[in-house]
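A.B. asks: Could you look at this predicted model? Sequence included:
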Amino acid sequence: MAIELVTKKRIEIYSGRSHPELAEEIASYIGVRLGNPNLREFANGEIHCKFGESVRGKDVFIIQTHSAPVNDSLMEQLIMIDTAKRASAKRITAVCPSYGYARQDRKASGREPITAKLVSSLFKAAGADRLLSVDLHSGQIQGFFEGPVDHLTSMPVLVNYLRQSASGRDIVVVAPDAGRVKVAERFGQHLECDIALVHKRRPTGTMNQVEARDVVGQIEGRLCVIVDDMIDTAGTVCAASELLIEHGAVEVWAMATHGVLSDPAVDRLKNAPISRVVVTNTLPMNSEKKMDKLEVLSVAKVIADAIEAIFADTSVSEIFGGDNLSS
C-alpha cells in the first residue's frame with residue numbers, strides 16, 4: 001500500500017539580537033511573527049539557543065546583521081543556524097543585511113587572510129543552505145559560499161530618495177574610488193545624470209587613512225552625491241567632499257548602504273563640507289551616531305520581498321531588474 005503526502009510549505013523567521021528592529025520590520029512586511037530563539041548567555045559568555053517552536057520541515061530564515069561587536073553577532077547567528085540544522089529544518093537561509101569581514105575579500109599584500117571567505121565557510125559548516133545579503137563590498141564574495149547567494153541592493157531605496165529630495169537639481173553621482181565606478185554608473189543611468197570619479201590613494205601599510213588626489217568629471221556648480229557601500233570611519237567620503245568643494249561643487253551629499261560610523265566618523269562628518277549623510281538601516285544606529293545631517297532609510301521591504309521570493313521559489317533578481325547581479 002503506497003502512502004502519498006502532499007506537504008505544505010511553512011516559513012519560520014528568527015532574529016539574533018544585533019538589530020531586532022530591522023527583523024521586526026521585515027517580518028511585518030511578510031505578515032509573520034518572529035519565532036522565539038530563547039537566546040541567553042552562560043556565566044562565561046557562551047551563547048545558548050533553543051527555539052520555542054518546532055522547525056522540522058520548515059523553511060527557516062535567520063536574520064542577523066553583523067554589527068559591533070561583529071564577532072559576537074556572527075557567532076550568535078552561526079549558533080542559531082546550527083540549532084535549526086539539528087532541529088531538522090528543511091532549508092536554512094542566513095540573512096545578513098551587513099556581511100561581516102566583507103572588506104577582507106582578497107590578499108592585498110603578503111601574509112594576509114581572506115576573512116570574507118572564512119566567514120562563508122563558517123556559514124556552510126554551521127548548516128546554512130543559502131545566504132542573503134545587501135550590497136556586499138565586492139561581488140566576488142558570492143563565489144566564496146558553496147550554495148546559492150542572493151545579493152540584494154539598496155539602490156532602489158537610495159535612487160527613490162534622490163528623485164524626491166533632489167528633484168530639479170543638477171546632480172552628479174560621484175564614485176569615491178575606482179571600485180565604485182560601476183555602481184555610480186548604474187545610479188547615473190537610473191537618474192539620467194552625469195558621473196564623476198575621485199582618484200583616491202591609501203598610504204601603504206595604513207588603515208582608515210585616505211588621500212583624495214584629483215577629480216575626473218564636470219562638477220563645478222553642481223550637487224555632487226558620493227555613493228559608496230559603507231561609511232566606516234568616514235575618511236574616504238570626507239576627503240572626497242573637501243576635494244569636490246575645492247573643484248567648485250555647490251553642495252555635497254554622501255550616500256551609503258551600511259552606516260558603520262566607527263570613531264571618529266561622526267566628528268569627521270560633522271566637520272566635513274557634507275550637507276546630508278544618507279544611509280540605510282542595515283546596521284543599528286545608536287544615539288552616539290545620530291547627528292542633524294544624518295538620514296536613515298529602510299531596506300526592510302527590499303529584504304522582505306527577497307525572502308518571500310526565496311520561499312516561493314521565484315526570481316529574486318527580477319525584483320531589482322538585474323541591478324543586484326554585480327557591484
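C.D. replies: Now that the structure is in, tell me what you want to look at. Numbering: from 1, shown residues only.
A.B. asks: contacts and neighbour counts: CA atoms only from here.
C.D. replies: Will do.
A.B. asks: What segments of the stretch 151-300 of the chain are strands?
C.D. replies: Counting by DSSP state E, counting those that start in this stretch, the stretch 151-300 of the chain has strands at residues 171-175, 194-201, 211-216, 223-231, 251-259, 276-280, 294-297.
A.B. asks: residues near residue 213, how many?
C.D. replies: For residue 213, the neighbour count with other CA atoms under 10 Å is 12.
A.B. asks: can you map out the strands along the stretch 1-150 of the chain?
C.D. replies: Using DSSP E, counting those that start in this stretch, strands in the stretch 1-150 of the chain cover 11-15, 40-41, 47-48, 59-63, 91-96, 130-134, 149-152.
A.B. asks: Distance to residue 264 added to those, as a markdown table?
C.D. replies: Shown next, in a markdown table, are the strands of the stretch 1-150 of the chain (distance: least, CA to CA, whole Å):
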| stretch | distance to residue 264 |
| --- | --- |
| strand 11-15 | 30 |
| strand 40-41 | 31 |
| strand 47-48 | 31 |
| strand 59-63 | 28 |
| strand 91-96 | 25 |
| strand 130-134 | 25 |
| strand 149-152 | 29 |
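A.B. asks: Dump those strands into TSV; add mean neighbour count, mean pLDDT and distance to residue 232 as well.
C.D. replies: Shown next, in TSV, are those (neighbours: other CA atoms under 10 Å; pLDDT from 0 to 100; distance: least, CA to CA, whole Å):
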stretch	mean neighbour count	mean pLDDT	distance to residue 232
strand 11-15	22	98	24
strand 40-41	11	96	29
strand 47-48	15	97	28
strand 59-63	24	98	22
strand 91-96	23	98	18
strand 130-134	23	98	16
strand 149-152	22	96	20
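A.B. asks: And the ones you listed: which comes nearest residue 261?
C.D. replies: Closest of these to residue 261 is strand 130-134, at 17.4 Å (criterion: CA to CA).
A.B. asks: I figured residue 157 was touching residue 299, is that so?
C.D. replies: Yes: Residue 157 is in contact with residue 299 according to CA atoms under 8 Å; the separation is 7.0 Å.
A.B. asks: where do the helices sit along the stretch 101-250 of the chain?
C.D. replies: Listed in chain order, the helices of the stretch 101-250 of the chain (DSSP state H, counting those that start in this stretch) span 115-126, 155-165, 181-191, 235-246.
A.B. asks: Run the chain-centre distance for the first one.
C.D. replies: When you say that, I think you mean helix 115-126. How far helix 115-126 lies from its chain's middle: 17 Å, per CA atoms, centre = their mean, to the nearest Å.
A.B. asks: between it and strand 91-96, how many degrees?
C.D. replies: Angle of helix 115-126 versus strand 91-96, following axes from the mean of the first three to the mean of the last three CA atoms, to 10 degrees, is 150 degrees.
A.B. asks: What helices and strands are in contact with helix 115-126?
C.D. replies: Helix 115-126 sits against helix 70-86, with contacts defined as 3 or more CA pairs under 8 Å, 6 or more residues apart in numbering; DSSP states H and E.
A.B. asks: buried residues in the helix it packs on?
C.D. replies: Across helix 70-86, burial judged by 16 or more other CA atoms under 10 Å covers 72-85.
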